[in-house]
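Trainee: this one's sequence-less:
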């Protein structure tokens, strides 16, 4: 017995969400079926609005609302340190770094990481805009804040290649054991990187 | 720093999905932001269609498509055993039982279980329709197929109360150790129920 077509379709689309397999998509779809129509309509509107109202900031690639803001918060130089620029993969990373309250510089969003396996690179426009920003503004240090994965490493090398001719400091965020972790649960690779990055006390 | 309003709203609605907390909703929302607009539009349409095209079957409460079918597949008596009727909580359970290919009787969907904690009962119409069906048709055995939880037990007692005056056999699906399970991983409650339900070989 097959599900009614609209339900199968919905399950198919929900499976495209990260970490959602067929069983979870099924569970979501049946749950959505039981939502009051006002709530379903609200979700429906919210889905439409993310593309209608949110757009990438033309300067840094982070998120901004179409009409309400001239600049996105990360490009609003007011109170920010224009000598530091942090390059990240996605808009979400910008919010994660802001949350830490320990960075007050500028951001630049690449859109994606280099994937050596899938042979993909970040959109060239993102690199072009980065180089233009560096030419036009007084940035002294570029911080690369990528995942500590194969893709993150490849992206750091890729971006560094574009920057190495310029009079800039290029740094990458530290690898090491995460805060609050027990020694025995930290994997060998992380320990090795943490040893290499040891600092004097 | 707060997310743009449409994004916050979407995260809020996604958190209503079962098992989805703030972090997962955030992950889904950022993923949706990066979907090509054609795919987002398709998800959008699928969401609208589940309420436009699917409706509860007026007889059994399972799902049917509005125009294409007169009866839902479970009520289409063709090839089905009209003497057996299986009562379940949700339309999803109907599909799970059909999948087993070991039941060819009729179904009746209650819509929800009795919740002794939240003091809720299934919609009264679902019970009324069940009783009407039993009066009008030659059902000889009603099988209660609910969760093996407090709510499932309460619902079995609740439905049984309506049926006990009628010349019907009322049964409940068996509790026991699930197939392929190792003894040591089965909890005590399940083992106790499995012992009680032991059968001669």
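Mentor: Yep, it's here. Everything quoted here is computed from the prediction, not taken from an experiment. Residues are numbered from 1 along each chain as shown, chains lettered A, B, ... in the order given.

Trainee: in terms of contact count, name the helices or strands touching the lowest-mean-pLDDT helix or strand in chain A.
Mentor: Least confident element among the helices and strands of chain A, by mean pLDDT, DSSP states H and E: helix A:188-196 (a mean of 80). Contact partners of helix A:188-196 among helices and strands, from 3 or more C-beta pairs under 8 Å, 6 or more residues apart in numbering or on different chains; DSSP states H and E: none. C-betas here are computed from N, CA, C, even on glycine.

Trainee: now it, how far from the chain's geometric center?
Mentor: Distance of helix A:188-196 from its chain centroid, counting by C-alpha atoms, centre = their mean, to the nearest Å, is 25 Å.

Trainee: for stretch A:191-201, same thing?
Mentor: The answer for stretch A:191-201 is 26 Å, by C-alpha atoms, centre = their mean.

Trainee: what's in contact with it?
Mentor: A:148, A:174-177, A:186 (C-beta atoms under 8 Å, 6 or more residues apart in numbering or on different chains).

Trainee: most surrounded residue in those?
Mentor: Counting neighbours by other C-beta atoms under 10 Å in any protein chain shown, residue A:176 comes out on top of those with 18 neighbours.

Trainee: now, which of the contacts of stretch A:191-201 sits nearest residue B:170?
Mentor: residue A:186 (57.3 Å; C-beta to C-beta).

Trainee: residue contacts, the closest one?
Mentor: A:177-178, A:194.

Trainee: circling back: just the buried positions in the least confident helix or strand of chain A, please.
Mentor: residue A:190 (16 or more other C-beta atoms under 10 Å in any protein chain shown).

Trainee: ok, now stretch A:177-186?
Mentor: Buried residues in stretch A:177-186 (16+ other C-beta under 10 Å): residue A:177.

Trainee: what's the span of that stretch, first residue to last?
Mentor: In stretch A:177-186, first residue to last residue: 7 Å (C-alpha to C-alpha, to the nearest Å).

Trainee: how about the longest helix belonging to chain A: buried residues?
Mentor: The longest helix of chain A (DSSP state H) is helix A:37-53. Counting neighbours by 16+ other C-beta under 10 Å, one finds that the buried residues in helix A:37-53 are A:40, A:42-44, A:46-47, A:49-51, A:53.

Trainee: hang on, the earlier thing: for the contacts of residue A:186, which one is nearest chain B?
Mentor: Nearest to chain B among these: residue A:178, at 16.3 Å, using C-beta to the nearest C-beta.

Trainee: Give me the contact status of stretch A:56-72 with chain B.
Mentor: Yes - contact of stretch A:56-72 with chain B (C-beta under 8 Å from any C-beta of the partner chain) involves A:63-65.

Trainee: unless I'm mixing things up, residue A:177 is touching residue A:190, no?
Mentor: Yes - look at residue A:177 against residue A:190 with C-beta atoms under 8 Å: they come within range, at 6.0 Å.

Trainee: Roughly how far does the nearest residue to residue A:174 once chain neighbours are set aside sit from chain B?
Mentor: Nearest residue to residue A:174, sequence neighbours excluded (C-beta to C-beta, 6 or more residues apart in numbering or on different chains): residue A:197, at 5.6 Å. Here the criterion is C-beta to the nearest C-beta, to the nearest Å. By it, residue A:197 lies 28 Å from chain B.

Trainee: do residue A:154 as well
Mentor: 20 Å.

Trainee: so what's that residue up against?
Mentor: Residue A:154 neighbours (C-beta under 8 Å, 6+ apart): A:113-116.

Trainee: Please identify which of those is nearest to residue A:163.
Mentor: So of these, ranked by how close each gets to residue A:163 (C-beta to C-beta), first place is residue A:114, at 14.6 Å.

Trainee: residues near that closest one, how many?
Mentor: Counted with other C-beta under 10 Å, residue A:114 comes out at 22.

Trainee: in terms of contact, does it touch residue A:151 like I think?
Mentor: Yes - Residue A:114 is within contact range of residue A:151, at 6.3 Å (criterion: C-beta under 8 Å).

Trainee: confidence score at the residue positioned nearest the centre of chain A?
Mentor: Nearest to the geometric centre of chain A sits residue A:90, at 2.1 Å (C-alpha atoms, centre = their mean). For residue A:90, the model assigns a pLDDT of 91.

Trainee: Spatially nearest residue to it (excluding sequence neighbours)?
Mentor: Closest to residue A:90 by C-beta to C-beta, 6+ apart is residue A:109, at 6.4 Å.

Trainee: Next, the contact list for the one you found, please.
Mentor: A:56, A:60-62, A:87-91, A:93-94, A:126.

Trainee: what two of those are the furthest from one another?
Mentor: Across these (C-beta to C-beta), the longest gap, 15.0 Å, separates A:56 and A:87.

Trainee: more neighbours, these two?
Mentor: residue A:87 (27 against 16).
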